[in-house]
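Participant: no letters, just coordinates:
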């Protein structure tokens, strides 16, 4: 799912009060927490969008312990002109971060993430969830890198000129143009992300890229056989090449469509067992401001799902009655809850710290430099 799914909801005024973070010792104290695919939005706000900051968004992001988050910008799907929309969206986000400089800072390097932590700000990483805006011109990767885009996902669920997404029936791998784009992304030290991709293009890109690649938000197909999850072959190859895998908080972690925190932990553990503890992190595909009134959200979700089906980008596991998040891992306490769940399963603090942020930092350092 993408920020285009963050439907504008005019919910009750009472819903605007930020939920309290759990009392007691903070397990995140001193930790670097990086959401490899998340967002900064307030779904309860009547003017909610991914380019509007409310006090609650900023308060919740800080309260969550987030050090940095990869925010989706640019064209993902729909009728818009991909290149123009993407350039305009990057400009909006740059302006948004400047306007909230007391709370946010733009991330281009790992040093920026460290600085965000030191200055008690939230680092904003600009990323694309589709490379359709390349439109036959691989040199556009240079333009977006210079504009500050640090992550580019090759496909969304459908097909584009680079290859096939997870819902494209042909299952094409990386096309000749896709090879050109990967080469340009490597030259610009931009992360090559294969979330939402089909299996073959993921394997092809991992082999073709001169730098490690990532799957910033996914689950494990060995546990839940749905197209949005990655096979063991994909996960293992990405890790073997030095890459990064982020596990999401999404309905695709359970065939029922109603994933639980225990499902999140199970997918993290499978990925760690397969890839090693140095290659797995989190990419929740959600923000830290929760939807407070789930009953009111149900009607909006049904409409939203109908629109995704009509656009041909809905994936198996998405239904009108499934939430695009894990109900019990919402809000600013979500990473603390995950920490405690992993600790209860016997994972040591050093491993949990890697999962919550240090593994992304290691991968980012390999791609972006210090």
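Facilitator: Perfect, thanks for sending it. Fair warning: this is a prediction, and the values are worked out from it, not measured in the lab. Residues are numbered from 1 along each chain as shown.
Participant: okay, CA-based contacts and neighbour counts for the rest of this
Facilitator: Noted.
Participant: so what touches stretch 258-276?
Facilitator: 219-220, 223, 232, 235-236, 239-240, 245, 247-254, 278-281, 322-323, 325-329, 338, 341-342 (C-alpha atoms under 8 Å, 6 or more residues apart in numbering).
Participant: next one: it to chain centre, how far?
Facilitator: 16 Å (C-alpha atoms, centre = their mean, to the nearest Å).
Participant: cool, stretch 106-126 as well?
Facilitator: That offset, for stretch 106-126, works out to 17 Å (C-alpha atoms, centre = their mean).
Participant: repeat for stretch 321-339
Facilitator: What separates the centre of stretch 321-339 from the centre of its chain is 14 Å, taken as C-alpha atoms, centre = their mean.
Participant: output the below-cut-off pLDDT ranges for the protein.
Facilitator: The model of the chain has pLDDT under 70 over residues 1-23, 46-51.
Participant: quick one: the helices in it?
Facilitator: Using DSSP state H, the helices found in the chain span residues 55-63, 82-99, 110-118, 140-147, 176-187, 199-208, 232-240, 261-275, 294-311, 334-344, 349-353, 359-368.
Participant: could those go into a markdown table alongside mean neighbour count?
Facilitator: Output for these, formatted as a markdown table (neighbours: other C-alpha atoms under 10 Å):
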| stretch | mean neighbour count |
| --- | --- |
| helix 55-63 | 19 |
| helix 82-99 | 17 |
| helix 110-118 | 19 |
| helix 140-147 | 18 |
| helix 176-187 | 20 |
| helix 199-208 | 21 |
| helix 232-240 | 20 |
| helix 261-275 | 19 |
| helix 294-311 | 15 |
| helix 334-344 | 18 |
| helix 349-353 | 16 |
| helix 359-368 | 22 |
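Participant: for those, give me JSON lines that also has distance to residue 165.
Facilitator: What follows is those, written out as JSON lines (distance: least, C-alpha to C-alpha, whole Å):
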{"stretch": "helix 55-63", "distance to residue 165": "31"}
{"stretch": "helix 82-99", "distance to residue 165": "17"}
{"stretch": "helix 110-118", "distance to residue 165": "29"}
{"stretch": "helix 140-147", "distance to residue 165": "19"}
{"stretch": "helix 176-187", "distance to residue 165": "12"}
{"stretch": "helix 199-208", "distance to residue 165": "8"}
{"stretch": "helix 232-240", "distance to residue 165": "14"}
{"stretch": "helix 261-275", "distance to residue 165": "21"}
{"stretch": "helix 294-311", "distance to residue 165": "14"}
{"stretch": "helix 334-344", "distance to residue 165": "29"}
{"stretch": "helix 349-353", "distance to residue 165": "31"}
{"stretch": "helix 359-368", "distance to residue 165": "24"}
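Participant: out of these, which is closest to residue 160?
Facilitator: helix 176-187 (9.4 Å; C-alpha to C-alpha).
Participant: tell me what the closest one is packed against?
Facilitator: Judged by 3 or more C-alpha pairs under 8 Å, 6 or more residues apart in numbering; DSSP states H and E, the packing partners of helix 176-187 are helix 140-147, strand 191-193, helix 199-208.
Participant: what packs against the shortest one?
Facilitator: On a contact count with 3+ C-alpha pairs under 8 Å, 6+ apart, strand 191-193 meets strand 149-153, helix 176-187, strand 214-218, helix 359-368.
Participant: quick revisit: closest one to residue 318 among the helices of the chain?
Facilitator: The nearest among those, by C-alpha to C-alpha, is helix 294-311 at 7.6 Å.
Participant: how far does stretch 40-55 stretch from start to finish?
Facilitator: Terminal residues of stretch 40-55 lie 11 Å apart, using C-alpha to C-alpha, to the nearest Å.
Participant: rewinding a little: can you put the helices and strands packed on helix 176-187 in JSON lines and add distance to residue 307?
Facilitator: Below are those laid out as JSON lines (distance: least, C-alpha to C-alpha, whole Å):
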{"stretch": "helix 140-147", "distance to residue 307": "29"}
{"stretch": "strand 191-193", "distance to residue 307": "26"}
{"stretch": "helix 199-208", "distance to residue 307": "26"}
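Participant: and residue 292, which of the ones you listed is closest to it?
Facilitator: Nearest of the helices and strands packed on helix 176-187 to residue 292, taken as C-alpha to C-alpha: strand 191-193 at 31.4 Å.
Participant: buried members of the contacts of stretch 258-276 into ChimeraX, please.
Facilitator: To isolate the buried ones among the contacts of stretch 258-276 in ChimeraX, judged by 16 or more other C-alpha atoms under 10 Å, type:
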select :219,220,223,232,235,236,239,245,247,248,249,250,251,252,253,254,278,279,280,281,322,323,325,326,327,329,338,341,342
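Participant: among the contacts of stretch 258-276, which ones are in strands?
Facilitator: 245, 247, 280-281 (DSSP state E).
Participant: looking at those, spot the one nearest residue 97.
Facilitator: Distances from residue 97 to those, taken as C-alpha to C-alpha, are shortest for residue 281 (25.1 Å).
Participant: go ahead and confirm the closest one touches residue 354.
Facilitator: Yes. In this structure residue 281 lies within contact range of residue 354 using C-alpha atoms under 8 Å: 7.2 Å.
Participant: any common contacting residues for these two?
Facilitator: Joint contacts of residue 281 and residue 354 (C-alpha under 8 Å, 6+ apart) are residue 360.
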